[in-house]
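**Q** turn this into a model:
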Amino acid sequence: MKSYGKSRRVRRDKWTNRMAIMGITLVVMFLAVAINIKGADLKKSDLEYSIREQNLEQQKEEEEKRTAQLQEYKIYVKTKQYAEEVAKEKLGLVNPDEILLKPTE
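**A** Just a heads-up that it's a prediction; the model follows:
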């Protein structure tokens, strides 16, 4: 009878060990799946951020070009040529030595 009891205990211990191994294996598999899913989400986010970064870099370049144009315009506005243009277009003034010819209807 003693051998019967040991055999039963050994079988029960083997069963317990197998269940523990299966449980650990399942946990490891779930962790691997979770890490894989999270990695895919991170790759997607990384791609979105890189596209957004490229768009922002492009906007930055456009704004730098616009800033350069505004700086040139700022310098142009301070010239005598600009003052004459504004006086002619908006105020209708002319230089003393200019002759205006108006078309007849």
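**Q** okay, helices next: where are they in the chain?
**A** 2-77, 80-86 (DSSP state H).
**Q** confidence-wise, which of those helices is weakest overall?
**A** With a mean of 88, helix 80-86 has the lowest mean pLDDT of the helices of the chain.
**Q** roughly how far is that helix from the heart of the chain?
**A** Relative to the chain's own centre, helix 80-86 is displaced by 44 Å; criterion: C-alpha atoms, centre = their mean, to the nearest Å.
**Q** and the helices of the chain as TSV, adding mean neighbour count and distance to Thr104?
**A** Bear in mind the C-beta positions are built from the backbone N, C-alpha and C, glycine included. TSV is the format used below for these (neighbours: other C-beta atoms under 10 Å; distance: least, C-beta to C-beta, whole Å):
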stretch	mean neighbour count	distance to Thr104
helix 2-77	10	36
helix 80-86	11	26
